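[1] My questions are about this predicted structure, shown below with the sequence.
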Amino acid sequence: MSAAREDLAGILAALHLQAPAAQIDQLLRYLELLQRWNAVYNLTAVREPAHMLTLHLADSLSLLPALDRREPRRVLDVGSGGGLPGMVLAIMRPRWQLVLVDAVQKKCAFLRQVAATLQLRNVEVAHGRVEQLRLPGFDCITSRAVGELAELVRISEHVLLAGGAWAAMKGSVPEAELQALPAGIVHDIEFLDVPGLQAQRCVVWMHRAPAQARPGDSPAS
């Protein structure tokens, strides 16, 4: 077993995630593609493969148990960049439909190449600013790159279905950002345990208060 495969198997075990050999192969192949394209397109500031495994793959995988409890069917990854966490979620959960949005064309080209290479039929890549896109609704919106929570809500609320939630990945709890959330948006904090990472990570769950749910919204079909 290669060192990377062994390390990834340890990460999955620590997170209590099951993955057949084919999915592990896809995750490692994705990591290889990220390293190769990063040399030319500067997709991430992280360069070392071992650091990518922890800071990117393990970090994105740590969100999965929390998402599994909510059983989303359509997930939007805003500012997906190199595909984090969206591409990792798509690999691990082929029954979910993932739309990865980024405003940078070269990043979208990379995401499309990954989806084609790994034959991920549950992935759609959308180039543009999310607030300008007209897409079918989503029951979960993830983000690892959008800076302010209020900004994430502002640019993507029009595509969040009634009963849906935002899952914004953060380091330490962003108290100032929470205070700046728009009226009618409530939140919960769930701490994430990222294997191999000695730093605080959390996901900020946000959703509309019941009175804010829009009557015309309907669940995804």
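    Nice, I can see it.

[2] so what's the residue nearest in space to the middle of the chain up against?
    In the chain, the residue lying closest to the centroid (CA atoms, centre = their mean) is residue 85, at 2.9 Å. Listed by CB atoms under 8 Å, 6 or more residues apart in numbering, the contact partners of residue 85 are 59-60, 63, 77, 142, 144, 169. C-beta: built from backbone N, CA, C; applies to glycine.

[3] ditto for residue 28
    Residues in contact with residue 28 (CB under 8 Å, 6+ apart) are 4-5, 8.

[4] 10 Å instead, please
    When contacts are counted by CB atoms under 10 Å, 6 or more residues apart in numbering, residue 28 touches 2, 4-5, 7-8, 53, 57.

[5] element containing it?
    Residue 28 belongs to helix 21-41 when elements are defined using DSSP states H and E.

[6] Could I get the buried residue list for that helix?
    23-24, 26-28, 30-31, 33-35, 37-38 (16 or more other CB atoms under 10 Å).

[7] can you give me the strands for the chain?
    74-78, 97-102, 123-127, 138-143, 160-170, 185-192, 201-208 (DSSP state E).

[8] Contacts only, for the residue nearest to residue 125 when sequence neighbours are not counted.
    By the measure of CB to CB, 6 or more residues apart in numbering, the closest residue to residue 125 outside its immediate chain neighbours is residue 111, 4.5 Å from it. Neighbour list for residue 111: 37, 43, 77, 80-83, 86-87, 90, 100-102, 120, 123-127 [criterion: CB under 10 Å, 6+ apart].

[9] swap the cut-off to 6 Å and go again
    Listed by CB atoms under 6 Å, 6 or more residues apart in numbering, the contact set of residue 111 reads 83, 100, 125.

[10] List just the nearest of those to residue 155.
    Within the contacts of residue 111, the smallest distance to residue 155 is 15.2 Å, found for residue 100 (CB to CB).

[11] show me the contacts for the closest residue to the closest one other than its chain neighbours.
    Nearest in space to residue 100, with sequence neighbours left out and distances taken as CB to CB, 6+ apart, is residue 80 at 3.9 Å. Counting by CB under 6 Å, 6+ apart, residue 80 touches 86, 100, 102.

[12] before we move on, what about residue 209?
    By CB under 6 Å, 6+ apart, the contact list for residue 209 reads 184, 186.

[13] before we move on, the earlier item: could I get the contacts of residue 28 as TSV with pLDDT, distance to residue 138 and neighbour count?
    Compiled in TSV, the contacts of residue 28 are given as follows (pLDDT from 0 to 100; distance: CB to CB, whole Å; neighbours: other CB atoms under 10 Å):
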residue	pLDDT	distance to residue 138	neighbour count
2	83	36	8
4	88	32	18
5	92	33	14
7	92	32	20
8	94	28	22
53	83	28	22
57	90	23	26
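
[14] just to revisit the earlier point, who wins for neighbours among the contacts of residue 80?
    residue 100 (31 neighbours; other CB atoms under 10 Å).

[15] how much space between residue 19 and residue 64?
    Note on residue 19: its distance to residue 64, by CB to CB, to the nearest Å, is 10 Å.

[16] Understood, closing this out.
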